[in-house]
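**Q** Pasting the sequence and the predicted model now:
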Amino acid sequence: MRPKLPFLTVLTVFLGTGLAQTVPQPLPQPAPAAPPIPEPRDIPYPGVIRLFVDATDINRAIFSVHETMPVTAGPMILLYPKWLPGDHAPRLPTEKLAGLMISGAGQKIKWRRDPVDMSAFHIDIPAGVTSLDIAYQYLSPISARDWPHLMTDNILDIWWPTVTIYPAGYFSRQIMVEASVKLPEDFKLASALETASTNGAVTTFKPTPLNTLVDSSVVAGRFLKQFDIDPGAAAKVRLDVFADRAEDLTVPPELIATFQNMVRQTHKLFASHHYDHYDFLVWLSDSMLQVGTEHHQSSEDGLSPSYFQDWQSSVPAHEQLAHEFTHSWNGKFRRPEDLWTPNFNVPMRDSLLWVYEGQTNYWGRILAARSGLLTRQQYLDALATFAAASDYRPGRTWRNVQDSNNDPIFIEGKPQTWPSWQRNEDYYVEGELIWLDVDMLIRERSGGKRSLDDFAKAFFGVYDGSHVTNTYSFDDVVKVLNSIQPYDWAGFLRARLESNGPGAPLDGLARGGYQLVYNDVASDFFKSTEAGNGVTDLTFSLGFTAVANGIVTDVLWDGPAFKAGLVQGMKIAKVNGAAFSPDALKDAVKAAVGNGPAVELAAKKGASDRTVRIDYHGGLRYPHLERLAGIPARLDEILTPLG
């Protein structure tokens with residue numbers, strides 16, 4: 001008998017007798033839940049999956065995939081990866097998977113997409129079928145402006161999550177895969193994967209667990225040059241450089257020596273390594289994405305074509321390889337327990353990204369300075385630039401940095417109208433400032449006998465040589481800190497993670513013997529950052545940034561421009577009656593100092609003309625670090641290379 005339902009209204013009907021009777025109308029009820037996807041189990045998947053990727057269609061940017069998967073008869077669920085280590089979010093573009101065809105024993109097998117999880121596919125395997133043939137394509141964007149753009153005429157990136165379907169119900173480490181790739185003619189590859197054989201254009205890798213495969217991209221291209229940047233080491237470290245043009249592959253010998261020094265300084269810091277060999281997979285291209293992505297035994301580093309040859313113009317990116325290398329220890333080997341998942345479709349939780357990314361930001365910049373990738377002044381100017389940006393983050397008044405840890409899941413990649421108010425992944429820079437304060441406090445309280453270097457050895461140096469992920473919790477971090485220097489580290493960290501200001505946590509600068517100041521001269525680092533972003537950055541004065549054609553790209557929440565009515569997307573045509581240019585804008589700010597005229601902008605919003613009058617008279621303001629008298633220069637001490 002069906003249970004009685006709640007009723008909202010009644011419906012009047014006429015019976016055969018002509019008498020009226022009311023019939024209750026039922027309220028809507030939820031449909032039955034979708035069948036659950038099996039939880040991953042830590043048991044071996046029977047057999048080896050063979051995965052073949054044809055990456056030769058570079059004109060159309062299509063990766064054609066064929067998998068052979070051992071199976072048994074009955075219902076089965078196949079998964080396309082969704083949550084990826086390093087991305088901290090469900091970012092994989094499932095919509096670019098196309099042409100999915102499944103068969104077994106010569107017969108087509110129908111699939112049904114899960115009605116809730118669009119990355120899951122239900123199939124029923126007929127009796128007698130012991131192996132599936134799975135074919136599909138990954139349609140990489142053709143335009144370099146779209147993400148993830150993985151294939152050009154001269155360089156391609158086989159990012160395994162995009163070309164892998166795997167069985168539900170198993171830990172990824174328990175699924176063995178033998179992967180092969182077919183490359184275009186004349187293409188050469190580099191990867192952390194071990195090669196089993198090469199037959200013409202086809203390279204087959206040794207069978208490896210799925211979690212290792214997904215974390216070991218293959219980069220290939222027409223032009224490749226490799227450098228040994230850890231000479232004599234048993235576990236080799238290579239710099240694999242691809243480029244659109246052969247002439248871009250020239251790397252000055254003194255830079256190779258500097259990268260070798262970076263590797264040495266990293267090993268001295270962590271007193272361990274967690275890879276069999278490590279490959280920096282670098283591409284120099286305007287056609288491929290310029291990104292940095294960490295893996296356990298490699299990294300993907302997209303850089304400008306002139307990165308090595310015009311070294312002084314790429315200063316803001318000098319620390320990138322040191323940052324990604326640090327991730328082999330922090331993030332890949334040691335990973336937050338709620339960020340580790342048994343497979344790539346179990347949701348991650350990002351509560352400790354201020355350690356994963358924030359401390360990596362800290363070490364990456366320091367290692368760059370200790371090795372010579374950054375000069376002392378470039379380090380100080382970089383720290384001033386990012387500290388000021390964090391200090392000028394009004395969104396701190398309503399969102400703390402602990403909540404910012406969630407940003408990859410619901411913000412990353414989405415357009416923001418007011419970034420300074422909404423916040424976006426501030427755990428990087430604010431996390432770095434917190435760890436700077438931790439380091440300075442340890443040095444201060446120990447009389448210079450201990451530092452965060454000691455934490456690095458104790459926390460990341462365990463199980464030397466292992467690349468099996470070792471997870472940790474907040475309490476584990478606190479415990480190791482207390483073993484280095486007893487203190488209320490739990491209270492210290494919580495206060496900074498959960499506070500709402502005012503201002504960023506700048507105590508580490510003061511303990512280090514410096515303070516954040518502003519003047520009207522931009523540092524070379526600040527200018528390089530402006531040039532790299534293609535903007536005129538007046539965040540700390542007028543409160544906005546604009547590109548060369550006058551389009552406003554960002555407006556500081558509650559800043560002078562905000563209060564005057566300037567908004568993102570407006571196009572500035574004139575500044576105080578003169579045609580817009582970056583110099584005209586800066587000249588107007590200078591002229592307004594004291595009792596000078598307000599800065600008047602003739603701007604267009606859509607089809608409407610606007611006059612925006614910014615009543616600001618404080619002059620140009622750019623961030624710098626200035627020494628504090630009477631306090632030891634501990635900030636300088638952290639930049640001293642380890643002997």
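**A** Nice, I can see it.

**Q** doesn't K571 make contact with N549?
**A** Yes: the criterion here is Cβ atoms under 8 Å, and N549 meets it with K571 at 7.2 Å. For the C-beta atoms, the positions are set from N, CA and C on the backbone; glycine is no exception.

**Q** Looking at these two, which one has more neighbours?
**A** K571 (17 against 10; other Cβ atoms under 10 Å).

**Q** For Q312, see how far away the more buried one is.
**A** 32 Å (Cβ to Cβ, to the nearest Å).

**Q** Next secondary structure element downstream of the helix or strand of the chain with the lowest mean pLDDT?
**A** Using mean pLDDT, DSSP states H and E, strand 7-14 stands out as the lowest-scoring helix or strand of the chain, at a mean of 46. Later in the chain than strand 7-14, the nearest helix or strand by DSSP states H and E is strand 20-26.

**Q** Can you tell me which residue is spatially central in the chain?
**A** Centroid check for the chain by Cα atoms, centre = their mean gives D87 as the closest residue, at 5.3 Å.

**Q** what about that residue, distance to G413?
**A** 10 Å.

**Q** V355 too?
**A** Computed with Cβ to Cβ, the distance linking V355 and G413 is 23 Å.

**Q** per-residue confidence for the nearest residue to E39 once chain neighbours are set aside?
**A** Spatial nearest neighbour of E39, chain neighbours left out: G169 (7.4 Å); criterion: Cβ to Cβ, 6 or more residues apart in numbering. pLDDT, G169: 98.

**Q** One more: L506?
**A** Residue-level pLDDT assigned to L506 equals 97.

**Q** residues contacting it?
**A** A387, D391, L433, L516 (Cβ atoms under 8 Å, 6 or more residues apart in numbering).

**Q** so the residue nearest to E39 touches L79, yeah?
**A** No: taking contacts as Cβ under 8 Å, G169 lies outside contact range of L79: 9.3 Å.

**Q** who's more crowded, the two?
**A** L79 (23 against 17).

**Q** residues contacting that one?
**A** By Cβ under 8 Å, 6+ apart, the residues touching L79 are I37, S119, A120, F121, I165, Y166, P167, A168, N343, F344, N345.

**Q** hmm, 6 Å instead?
**A** L79 makes contacts with A120, Y166, A168, N345, as judged by Cβ atoms under 6 Å, 6 or more residues apart in numbering.

**Q** Could you check how many residues crowd around the first one?
**A** For A120, the number of neighbouring residues by other Cβ under 10 Å comes to 20.

**Q** What residues are recorded as beta-bridge partners of it?
**A** Beta-bridge partners recorded for A120 (DSSP bridges): L79.

**Q** That one reaches D114, doesn't it?
**A** Yes: shown here, A120 and D114 form a contact pair, counting by Cβ atoms under 6 Å, at 3.8 Å.

**Q** mind showing which ranges of this protein have poor pLDDT?
**A** 1-21 (pLDDT under 70).

**Q** Pop the domain breakdown of it in here.
**A** Annotated domains of the chain cover 45-221, 334-514, 524-622 [automatic domain parsing].

**Q** got JSON lines for those domains, with distance to Y307 too?
**A** Listed next are the domains of the chain as JSON lines, based on distance: least, Cβ to Cβ, whole Å:
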{"stretch": "domain 45-221", "distance to Y307": "14"}
{"stretch": "domain 334-514", "distance to Y307": "12"}
{"stretch": "domain 524-622", "distance to Y307": "11"}
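
**Q** Quick one: closest of these to Y278.
**A** Taking Cβ to Cβ as the criterion, domain 45-221 is the member of those that comes nearest to Y278, at 7.1 Å.

**Q** chain center to the closest one, what's the gap?
**A** Its chain's C-alpha centre and that of domain 45-221 lie 22 Å apart, by Cα atoms, centre = their mean, to the nearest Å.
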